[in-house]
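# need a structure here:
(2 chains)
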Amino acid sequence: MIKIRLTRTGRKKHVSYRIVVADSRRARDGRCIEQIGWYQPLNDHEEKNYKLDEDRALYWLKAGAAPSDTVRSLLRQSGLMQKYHDLKVEQAKARKENRAAKTAE
Amino acid sequence: MAREQADPVDETVEAARLLDFYGAMLTGRQREFMTLHYCEDMSFGEIGEAFSVSRQAVHDAVRHGLAAMREMDAQLGLLEDFSQRRERHIQRMQALELLREARESLDAQEWDHEALKRQMDKVIMLLADARDTDVTEA
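All right, here's what the predicted structure looks like:
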């Protein structure tokens, strides 16, 4: 299963994370498929403490990658979960209309 | 309970920080499970599978480990102490940066008396602030 998760970087006592796409079985050897952003929780002197490549994140979500709880929370904060949800609703609507049009024929 | 409804990101960051300070005091198993859960973001289920133990066993080890570290921190307060020291360090670094800028403006001979004065005031404020926190702690 493909997962979007955080992976710890940074030195001792300076917590920071990368947001990566990885195979869930590969978590322990640290190999990841792609890095799509970072999160620096202690960086409270900057305006934004995380960076996310939204296009890639959306691509992986559409491909069926499951975000971990923590990443899901970050995606929600960035508004990407809402975007993904709207996209799915739109697609479902289009499918429904398609089906209705087909049965009407 | 409020703790259980806390944002998972906040809990992860808190636990990862606690692990840096108190991780060495945990049992090997607790430390390993907690590192995988909070540093590699693996779910309890995934960890359980990797170690051939139940999801519940991983959950218990992580919960007990976290409780133990919170208890240690309540007694020792290393995390808060470190945060304050870090804050003071940042203030001093900012002051240093302001001094460098002021020095460069002198070199470039584009200094404006008033602006320089304001800059110096900022430096003094930052350093005094950092010193006051030091003094109250001592």
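# tell me which parts of chain A are close to chain B?
Contact residues (C-beta under 8 Å from any C-beta of the partner chain) of chain A with chain B: A:5-8, A:12-13, A:15, A:17, A:24, A:27-28, A:39, A:41-42, A:45, A:68-74. Backbone N, C-alpha and C define where each C-beta goes, glycine included.
# nearest residue to the middle of the chain?
This is for chain A. Note on chain A: the residue nearest the mean C-alpha position is residue A:57, at 4.5 Å, using C-alpha atoms, centre = their mean.
# please refer instead to chain B.
residue B:83 (5.6 Å).
# can you point out the buried residues in stretch A:58-70?
Of the residues in stretch A:58-70, A:58, A:60, A:61, A:65, A:67, A:68, A:70 count as buried by neighbour count, 16 or more other C-beta atoms under 10 Å in any protein chain shown.
# now, which of these lie within strands?
If you go by DSSP state E, these have residue A:67 in strands.
# for the buried residues of stretch A:58-70, which one is nearest residue B:56?
residue A:68 (19.2 Å; C-beta to C-beta).
# now residue A:5: which helix or strand?
strand A:2-9 (DSSP states H and E).
# any low-confidence regions in the chain?
All of this is about chain A. For chain A, residues meeting the criterion pLDDT under 70 lie at A:45.
# not quite, I wanted chain B
B:1-5, B:135-138.
# which bits of chain B sit near chain A?
Residues of chain B lying close to chain A by C-beta under 8 Å from any C-beta are B:7-9, B:12-13, B:16-17, B:20-21, B:36, B:38-43, B:46, B:50, B:82, B:86, B:90.
# 10 Å - rerun?
B:7-17, B:19-21, B:23, B:35-43, B:45-47, B:49-50, B:78-79, B:82-83, B:86-87, B:90, B:94 (C-beta under 10 Å from any C-beta of the partner chain).
# mark which of those residues are buried, thanks.
If we count by 16+ other C-beta under 10 Å, those have these buried: B:9, B:11-17, B:19-21, B:23, B:35-43, B:46-47, B:49, B:78-79, B:94.
# which strands and helices sit next to the longest helix out of those in chain B?
What stands out as the longest helix in chain B, according to DSSP state H, is helix B:78-107. Packing partners of helix B:78-107 (3 or more C-beta pairs under 10 Å, 6 or more residues apart in numbering or on different chains; DSSP states H and E): helix B:8-22, helix B:55-76, helix B:113-137.
# residue B:110 belongs to a strand?
No - Residue B:110 is assigned coil when assessed by DSSP: H, G, I helix; E, B strand; the rest coil, not a strand.
# how is chain B partitioned into domains?
For chain B, automatic domain parsing gives the domain ranges B:2-76, B:79-137.
# in CSV, list those along with distance to residue A:83.
Shown next, in CSV, are the domains of chain B (distance: least, C-beta to C-beta, whole Å):
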stretch, distance to residue A:83
domain B:2-76, 19
domain B:79-137, 35
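# go through those and pick out the most buried.
Across the domains of chain B, averaging neighbours per residue (mean count of other C-beta atoms under 10 Å in any protein chain shown) puts domain B:2-76 on top, at a mean of 17.
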